[in-house]
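Participant: Okay, structure incoming, though there's no sequence with it:
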């Protein structure tokens, strides 16, 4: 059956709160699985080690609320492999690194020297030197990357944020969904990238009246405006503040796009065509 099953595992930021986790979405199609982001707490809603089978992980950007639970999954994959439950390494796709000006310390005959140069984001360095107690394979991606996983095709589009960040599109012969990840409104590509999508999972960090600094996140009504212009079938709001009522975000977004609801941990959406 050509279904696309979307399960929110985490929907809030910047921290877990009660039964709410940081961002993560499990997408399933014909036995293959894609985990979109791996925020703190999401592993408690996975069925491990079963969900390791035919799984790939996409990290949208290297902010800790979007990859924090990779530590838990990494160690769980190590144990699952040692017990014979996991035969192939789980591929974890992370953005090519942001570079910043800094100093590299190196040693000659045990004497330290410092050299100024372009250094990758420290989170990138951390993941690419993750240690030995995991059964993961870290792979970089960018706008030109296309991933085929079973019947699913994944493509990516950079969007404005503090660091290098990508929205993800997942397509089959019958379905198309887009996950925005974190993004600002100005110079946003989602209107075209998500055009005619069956489902847009879109961040809505702020409500009208809240102060926003920079072009890094959306107001809920802006998420609704993007969904309207992209002509999507359904808008699923995510990345809300953990201690605010999600229905406040829905009410605001519905001013621009009626078919809107808030993502809820564990509440599956089954797309059939």
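Facilitator: Happy to help now that I have it. These figures come from a predicted structure and were not determined experimentally.

Participant: Buried residues of stretch 81-91, list them for me.
Facilitator: For stretch 81-91, a neighbour-count test (16 or more other Cβ atoms under 10 Å) marks 81, 86, 90 as buried. All C-beta spots, glycine's among them, are computed from the backbone N, C-alpha and C.

Participant: What sits closest to the second one if chain neighbours are left out?
Facilitator: Here the nearest residue to residue 86 in space, its sequence neighbours aside, is residue 80; by Cβ to Cβ, 6 or more residues apart in numbering that works out to 4.1 Å.

Participant: returning to that earlier point: please identify which of the buried residues of stretch 81-91 is nearest to residue 42.
Facilitator: residue 90 (14.3 Å; Cβ to Cβ).

Participant: shouldn't the closest one be in contact with residue 52?
Facilitator: Yes: taking contacts as Cβ atoms under 8 Å, residue 90 lies within contact range of residue 52: 6.2 Å.

Participant: For those two, list the residues in contact with both.
Facilitator: residue 77 (Cβ atoms under 8 Å, 6 or more residues apart in numbering).

Participant: sorry, back to before: ramachandran angles for the residue nearest to residue 86?
Facilitator: Dihedral angles of residue 80 (phi, psi; degrees, to the nearest 10) stand at phi -60, psi -40.

Participant: distance of it from residue 198?
Facilitator: According to Cβ to Cβ, to the nearest Å, residue 80 stands 33 Å off from residue 198.

Participant: Sketch out the low-pLDDT regions of the protein for me.
Facilitator: In the predicted model of the chain, residues 1, 99-119 satisfy pLDDT under 70.

Participant: if I pick the spatially most central residue of it, what's in contact with it?
Facilitator: In the chain, the C-alpha nearest the mean C-alpha coordinate belongs to residue 37, at 3.0 Å (Cα atoms, centre = their mean). Contacts for residue 37 were tallied using Cβ under 8 Å, 6+ apart; they are 10, 23, 24, 25, 58, 59, 60, 66, 67, 179, 181.

Participant: the strands in the stretch 51-200 of the chain, which residues?
Facilitator: Using DSSP state E, counting those that start in this stretch, the strands assigned to the stretch 51-200 of the chain run over residues 55-58, 90-95, 99-108, 111-120, 136-141, 146-149, 152-158, 166-171, 176-179, 199-203.

Participant: quick revisit: okay, and which of the contacts of residue 37 map to helices?
Facilitator: Judged by DSSP state H, the contacts of residue 37 include 66, 67 as members of helices.

Participant: nearest to residue 243, of the contacts of residue 37?
Facilitator: The nearest member of the contacts of residue 37 to residue 243, counting by Cβ to Cβ, is residue 10 at 15.2 Å.

Participant: Please name the spatially closest residue to that closest one (chain neighbours excluded).
Facilitator: Nearest residue to residue 10, sequence neighbours excluded (Cβ to Cβ, 6+ apart): residue 21, at 3.2 Å.

Participant: hang on, isn't the one you found packed against residue 41?
Facilitator: Yes: with contact defined as Cβ under 8 Å, residue 21 reaches residue 41; the gap is 3.3 Å.

Participant: shared neighbours of these two, which are they?
Facilitator: With Cβ under 8 Å, 6+ apart, residue 21 and residue 41 have common neighbours 10, 69.

Participant: So for stretch 255-265, what gets flagged as buried?
Facilitator: 256, 257, 260, 261, 262, 263, 265.

Participant: and residue 150, how far is that from residue 229?
Facilitator: From residue 150 across to residue 229, the span is 31 Å (Cβ to Cβ).

Participant: ditto for residue 40
Facilitator: The gap separating residue 40 from residue 229 is 32 Å, by Cβ to Cβ.

Participant: which of these two has more neighbours?
Facilitator: Shown here are residue 40 and residue 229; by other Cβ atoms under 10 Å, residue 40 has more neighbours (24 against 15).

Participant: dump the residue contacts of the more buried one.
Facilitator: 10, 15, 16, 21, 22, 64, 65, 68, 69.

Participant: hmm, 6 Å instead?
Facilitator: With contact set as Cβ atoms under 6 Å, 6 or more residues apart in numbering, residue 40 has these partners: 16, 22, 68, 69.
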